[in-house]
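Novice: Sequence plus the predicted model coming up.
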Amino acid sequence: MSTTDGYAGASDWLDDDAGPVVRPYAITGGRTDPAGFDLIAHVVATAGEAAIAGRPPEQRAILAVAGNPVAVVEVAASVDLPLGVVRVLLADLHSEGLIERYDPPATPDGPNEQLLQAVIHGLRAI
Amino acid sequence: MASGRSDRVPQALKILIAGGFGVGKTTMVSSVSEISPLRTEEVLTTAGADTDDLAGVEGKRTTTVAMDFGRITIAPHIVLYLFGTPGQDRFMFLWEELAAGSLGAVVMADTRRLADSFNVIDYFERRGTPFMVAVNCFDGVKSHTATQVRHALDLEQHVPVVLCDARERESVKEVLITLLEYILKSGGKPSSNGHAPS
């Protein structure tokens, strides 16, 4: 590999394999607070077109995939950003009222029998 | 608030598919998932030091962990997520989050490398997360019996152990149903997140 052509070959380093050009947490301003979004919590965008315009591209990407209720982990996979980054961005969008958040119900006593039966039944049917 | 949107939000459940590197976790997920397994990444940084145990990795600033997951729509209002979870110790910081609120876990084992499953099994036993062991018979040759595997892994008698083929949808369905029936039988033991009454 040539080491003499300086920036001429810089683009060689910027492909999919190289990963993002912007370090992930630069997008969040260095914040890492996961804001308590469960992996399978669902979010749905409430914002109209007007509210989306002018937003940073990462926020727009999230709002675009959240037109229908979608799990946090699916949002992260769709926009190809680390989960922690997506959760910070979701928290921002939520605090601005641009998304609604639906957490999975807390089940301190474990899943109920009726639900487990429904899942078993559903699995047999697929 | 009757927004109407909440009616469209399904109840989301999760099951963990845990096991050592290359044991077939993603294969198992893809065999029953209605979507091609999706991949998401988490970056562990030193900024998370208050919650993540970084002991032993001093000097290492970031770790990226890839997780594959799939989805099964059980009913219009119930969606089951399957998370393939890396089994190595260094990924333990992820397990807590994955295990919290999960129905339970399938520990995938390869009889050639049973030791790879030890720490995962230890973790679920200590945490009280209902789990079972599924031995992936890669070549379709069942070279060991479930009883031999149970013995080798020193599992309690009530923990289900089955032989499976992670490539076969019906086989994976049976594994998941075995886990759910086990959870049902054991009274839906809580996958507690520390709030359980003592």
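Specialist: Noted; the coordinates are in hand.
Novice: The most centrally placed residue in chain A: which element?
Specialist: The centroid of chain A falls nearest to A:Ala76 when counting by Cα atoms, centre = their mean (3.1 Å). Secondary structure assigned from DSSP states H and E places A:Ala76 in helix A:72-79.
Novice: count of residues packed around residue 115?
Specialist: Went with chain A since none was named. 20 (other Cβ atoms under 10 Å in any protein chain shown). Using the backbone N, CA and C atoms, a C-beta is placed for each residue, glycine as well.
Novice: hm, I was asking about chain B
Specialist: With other Cβ under 10 Å as criterion, B:Ala115 counts 11.
Novice: Could you check the pLDDT of it?
Specialist: Here, the pLDDT recorded for B:Ala115 equals 88.
Novice: Surely it forms part of a helix?
Specialist: Yes - under DSSP: H, G, I helix; E, B strand; the rest coil, B:Ala115 falls within a helix.
Novice: okay, and for chain B, where does confidence drop off?
Specialist: Applying pLDDT under 70 to chain B flags the ranges B:1-6, B:44-63, B:139-142, B:188-198.
Novice: rewinding a little: next secondary structure element downstream of the helix holding A:Ala76?
Specialist: Next helix or strand after helix A:72-79 toward the C-terminus (DSSP H and E): helix A:83-95.
Novice: so what does that next one touch, helix or strand wise?
Specialist: Helices and strands touching helix A:83-95, by 3 or more Cβ pairs under 8 Å, 6 or more residues apart in numbering or on different chains; DSSP states H and E, are helix A:57-65, helix A:72-79, strand A:99-102, strand B:38-45.
Novice: so which of these is the most packed in?
Specialist: helix A:72-79 (a mean of 23; mean count of other Cβ atoms under 10 Å in any protein chain shown).
Novice: Alpha carbons of that one, as PDB, please.
Specialist: What follows is helix A:72-79, C-alpha atoms only, in PDB (Å, rounded to 0.1, in the frame of the first residue of the first chain):
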ATOM      1  CA  VAL A  72     -36.800  -0.300  19.700                       C
ATOM      2  CA  VAL A  73     -34.400  -3.100  18.600                       C
ATOM      3  CA  GLU A  74     -36.000  -3.100  15.100                       C
ATOM      4  CA  VAL A  75     -35.500   0.600  14.900                       C
ATOM      5  CA  ALA A  76     -31.800   0.200  15.700                       C
ATOM      6  CA  ALA A  77     -31.400  -2.500  13.100                       C
ATOM      7  CA  SER A  78     -33.200  -0.400  10.500                       C
ATOM      8  CA  VAL A  79     -31.200   2.700  10.900                       C
END
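Novice: same for that helix, what does it pack against?
Specialist: Here helix A:72-79 touches strand A:42-45, helix A:57-65, helix A:83-95, strand B:38-45, strand B:62-75, going by 3+ Cβ pairs under 8 Å, 6+ apart.
Novice: tell me the angle of it relative to strand B:38-45?
Specialist: Orientation of helix A:72-79 against strand B:38-45 (axes from the mean of the first three to the mean of the last three Cα atoms, to 10 degrees) gives an angle of 100 degrees.
Novice: Tell me how far helix A:72-79 lies from the chain's centre.
Specialist: Here the centre of helix A:72-79 is set off from its chain's centre by 4 Å, with Cα atoms, centre = their mean, to the nearest Å.
Novice: Turn the helices and strands packed on helix A:72-79 into JSON lines, columns for distance to A:Pro104.
Specialist: Shown next, in JSON lines, are the helices and strands packed on helix A:72-79 (distance: least, Cβ to Cβ, whole Å):
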{"stretch": "strand A:42-45", "distance to A:Pro104": "8"}
{"stretch": "helix A:57-65", "distance to A:Pro104": "19"}
{"stretch": "helix A:83-95", "distance to A:Pro104": "15"}
{"stretch": "strand B:38-45", "distance to A:Pro104": "17"}
{"stretch": "strand B:62-75", "distance to A:Pro104": "14"}
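Novice: Ok, which of those comes nearest B:Asp7?
Specialist: Evaluated over those, closeness to B:Asp7 peaks at strand A:42-45, with 11.3 Å, by Cβ to Cβ.
Novice: Tell me the helices and strands packed up against the one helix or strand B:Val133 maps to.
Specialist: Assigned by DSSP H and E, B:Val133 belongs to strand B:131-136. If contacts are counted by 3+ Cβ pairs under 8 Å, 6+ apart, strand B:131-136 sits against helix B:25-32, strand B:104-109, helix B:118-127, helix B:146-153, strand B:161-164, helix B:169-185.
Novice: show me the contacts for the residue lying closest to B:Asn136 once chain neighbours are set aside.
Specialist: Nearest residue to B:Asn136, sequence neighbours excluded (Cβ to Cβ, 6 or more residues apart in numbering or on different chains): B:Gly24, at 4.4 Å. Counting by Cβ atoms under 8 Å, 6 or more residues apart in numbering or on different chains, B:Gly24 touches B:Met108, B:Asp110, B:Asn136, B:Phe138, B:Ala166, B:Arg167.
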